[in-house]
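# predicted model, plus sequence, below.
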Amino acid sequence: MKRAPSAWFPFLDWFPMNREGIRADIVAGVTVALILVPQAMAYALLAGLPVIYGLYAALIPVVVASLWGSLRQLHTGPTAILSLMSAAALVPLASPGSEDFIELSIMLALLVGILRLVLGLLRLGLIVNFLSHPVVIGFTNAAALIIGLSQLNKLIGVPMPRSDAFLLDVWVVLQQLASIHWPTMGFAIAAFGIIFFLQKKAPRLPAVLIAIAVTTLTSYLTGFERLQQAPIAAIESSQVQAQIERFREIQVQIKTQASRITQLQTELARLQAEADTEATQLALIDARAGIDRSQAVVSMLRAEQHRLRVALHQIDLVRAEDGMGQALYSYARSAPEGEPVGVGHWRIGGVEGDQVLLTGGGEVVGRVPPGLPDFRMPMLDWHLLLQLLPAALVMALLGFMEATSISKAIAAKTKQRVDTNKELIGQGLANIVGSFFQAYTVSGSFSRSAIAAHAGARTGLFAIISAIGVLLVILFLTDWLYHLPQAVLAVIIMFAVFSLIRIRVLIQAWRVNRLDALVGIATFVATLLMAPALANGILVGIALTVMLYLFRNMRPRAEVLGWQQDGSLGGIDTHGLAPISRNYVVLRFDGSLNFVNVAYFEDALLQSLARFPEARALLVIGNGINDIDVTGEEKIRALAGQLKEMGVTLYFSSLKRQVRQVFDGDGLVAVIPAEHIFKTKEQALRELHACYG
């Protein structure tokens, strides 16, 4: 059958457009752009990238997803959770913000895009059902809390280590509360106040953009950022000089080990392509061992580097001059008497070569390079691709689930039909094409899509309009972003993610089904404990969901029935009823008969007969049996023979057609004849009462 052109080019369904629809899309696009620009910059920092890469991710991917997606109001671009997951997946492999880290972020986007595209082309959108609602809620709550806490250091102006234990990193930040940089804290409070006030009192105004404009202008006018470079010898304390030298040595050693890892991975790929000989196998073992050793060394060096960074940052220095007019920096306690605390004081922000980077103010975004992203082939490292595959798969599924959830919520109001497989294709293409234009992983955004729908967006044209807004910022406004305090971006992130925390849903789940709620709580705890490896947290949730599903299928409901006062059947144990008869047992079994639960089915039958030893017949009401596999068929045949030896006849009633077809086959008809299988339970009960009393 020939497919319509819109099946391949979904954007053709936008046409014909009318003037009213175009006007609505323009208004929605401009509204979303006012949110998209600050969010994109903030989420880039969350992903460990310079802010410009957030703007790149809000450009080409937005256009591609809008053209090939299913829902017209869905807005694609950087999101908080996937930004954090991207950083968490790559931190063990490279230093955030470095060239290698940027290349890996783009490669991860390509991998996520390929996975989504393949799932969409194979029409496997239903695979997202592996992410049960409690798992998603538990993970989202934990991820939102982690994202918010990850910005804590930027609010108070202290360094935060990035280790394999996120909660310990947060503890390190809390231990530095005595070193709060109050101007930084002031900008954070001001941004929070502006956004909160405007959202409450003037919701039509772009609160986030106004907060950025006010704080950036204030930062520029007050000289919030104060930076100086000085040679290491300008630090008077020999102890501090030794710490700085060690910090510099660690930087060099990390680069050396990273280069060695790259060489070994290249050698490993070459050896894997060669013929399988004993020498090749030995070389492969050596290469893998060398990679493991270098990665372990890098991990230890980074841990020491983080400790030194915190220690150096806590040193308060003041600037003076020697007799020859050369700058010297000494401990603040040796400053001239009467000098106000904090005036002319400096802290060590980093080391570049033989120069110490000294900061006397707060952190700002800094220089944002103008110009459009270049078209460039993403880096492809097959060894690293395989290493990133588990995280990429979780990101692909979780991002798709985000997009699907908001799509269905909006579609319920707009009466659109959401094609999940088409959405997978659109999201996949957005990441693939975006990776060729230096974009990191993107997905559908809850907040921006909701804003677009509320603003009256009619087609995906609104998303293209929002991307044009980002384009204008990249081309003409990057210089204005230099003095934007990073604390303000941290506040923007917190506003975005804390709205994702939903405790009531878990409380409601607890009231409905405590086992499901426990899975959600376990996912929440596991995600927190395993952070920053967020993918592991959701994998734990998926594993628990599968285990709970198997447990429920292994032990479906099976109960002996009796008569209730209204004449209906009910469980004798559940309702405290007397059995229908002592001469025959009526058992309800609410589960499919397969290899998972046939042992439980056998136990249920034998235990019910043990409770009523006088019984000479057993009726299984099977309207809850949806299917039966080979193992189930074999077990029923064996049970029928076993019960016959015990002097008990086995009957069935209310079987569904697909199950009855199995019973009518050659395997079972010999042990359970057709006259022992009844169409309805009422017919079966009349027959058993007549035969057994």
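Perfect, I can see it now.
# S330: how many residues sit nearby?
16 (other C-beta atoms under 10 Å). (Each C-beta comes from the backbone N, C-alpha and C, glycine too.)
# okay, and for the stretch 251-400 of the chain, where does confidence drop off?
322-325, 332-344 (pLDDT under 70).
# hmm, try it at 50
Residue ranges of the stretch 251-400 of the chain with pLDDT under 50: 334-343.
# which residues in it form strands?
Secondary structure of the stretch 251-400 of the chain (DSSP state E, counting those that start in this stretch): strands at 317-321, 327-331, 345-352, 355-359.
# could you do the chain as well?
Ranges of strands in the chain, per DSSP state E, are 76-77, 227-231, 317-321, 327-331, 345-352, 355-359, 443-444, 557-563, 569-571, 584-590, 617-621, 649-653, 677-678.
# of the strands of the stretch 251-400 of the chain, which is nearest A190?
Each of those has some distance to A190 by C-beta to C-beta; the shortest is strand 355-359, at 20.3 Å.
# just the angle for the closest one relative to strand 227-231, thanks.
150 degrees (axes from the mean of the first three to the mean of the last three C-alpha atoms, to 10 degrees).
# apart from its chain neighbours, what residue comes closest to Q326?
A234 (7.2 Å; C-beta to C-beta, 6 or more residues apart in numbering).
# for burial, what's the neighbour tally of that neighbour?
20.
# same check on A258?
Neighbourhood size, A258 [other C-beta under 10 Å]: 18.
# how about I189?
Quick note: I189 (other C-beta under 10 Å) scores 13 neighbours.
# cool, the one 4 residues further on as well?
Neighbour count for G193, taken as other C-beta under 10 Å: 12.
# so which residues of the stretch 351-500 of the chain form helices?
Counting by DSSP state H, counting those that start in this stretch, the stretch 351-500 of the chain has helices at residues 382-414, 420-435, 446-454, 461-472, 486-498.
# returning to what we had before: could the strands of the stretch 251-400 of the chain go into CSV alongside distance to N18?
What follows is the strands of the stretch 251-400 of the chain, written out as CSV (distance: least, C-beta to C-beta, whole Å):
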stretch, distance to N18
strand 317-321, 66
strand 327-331, 67
strand 345-352, 56
strand 355-359, 55
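# out of these, which comes closest to V433?
Per C-beta to C-beta, nearest to V433 of the strands of the stretch 251-400 of the chain: strand 345-352, 35.6 Å.
# give the buried residues for the closest one.
345-351 (16 or more other C-beta atoms under 10 Å).
# among the strands of the stretch 251-400 of the chain, which is nearest S592?
Among these, strand 345-352 sits nearest to S592 (C-beta to C-beta), with 62.3 Å.
# strand partners (parallel or antiparallel) of that closest one?
strand 317-321 (antiparallel), strand 355-359 (antiparallel) (DSSP bridges).
# what residues does that strand touch?
Strand 345-352 is contacted from outside by 227-229, 232, 240, 244, 247-248, 251, 312-319, 329, 332, 356-360, using C-beta atoms under 8 Å, 6 or more residues apart in numbering.
# now the residues you listed: which count as buried?
Buried among the contacts of strand 345-352 (16+ other C-beta under 10 Å): 228, 232, 240, 244, 247-248, 251, 312-313, 315-319, 329, 332, 356, 358-360.
# before we move on, back to that, any chance of the strands of the chain in CSV with distance to A487 as columns?
Putting the strands of the chain into CSV (distance: least, C-beta to C-beta, whole Å) gives the following:
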stretch, distance to A487
strand 76-77, 23
strand 227-231, 17
strand 317-321, 22
strand 327-331, 25
strand 345-352, 15
strand 355-359, 14
strand 443-444, 26
strand 557-563, 56
strand 569-571, 61
strand 584-590, 57
strand 617-621, 66
strand 649-653, 70
strand 677-678, 74
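# between those strands, which one is nearest to G469?
It's strand 76-77; of those, that one is closest to G469 (C-beta to C-beta) at 11.7 Å.
# which helices and strands sit right next to the closest one?
helix 19-46, helix 60-68, helix 420-435 (3 or more C-beta pairs under 8 Å, 6 or more residues apart in numbering; DSSP states H and E).
# please redo it, this time with the cut-off set to 10 Å
Under the contact criterion of 3 or more C-beta pairs under 10 Å, 6 or more residues apart in numbering; DSSP states H and E, strand 76-77 touches helix 19-46, helix 51-57, helix 60-68, helix 420-435, strand 443-444, helix 446-454, helix 461-472.
# and the ones you listed: which comes nearest T478?
helix 51-57 (7.5 Å).
# which secondary structure elements does the closest one contact?
Short answer (3+ C-beta pairs under 10 Å, 6+ apart): helix 51-57 packs on helix 19-46, strand 76-77, helix 99-121, helix 420-435, helix 461-472, helix 486-498.
# swap the cut-off to 8 Å and go again
Counting contacts by 3+ C-beta pairs under 8 Å, 6+ apart, helix 51-57 packs against helix 19-46.
# which positions in the helix it packs on come out as buried?
Per 16+ other C-beta under 10 Å, helix 19-46 contains these buried residues: 21, 24-25, 28-46.
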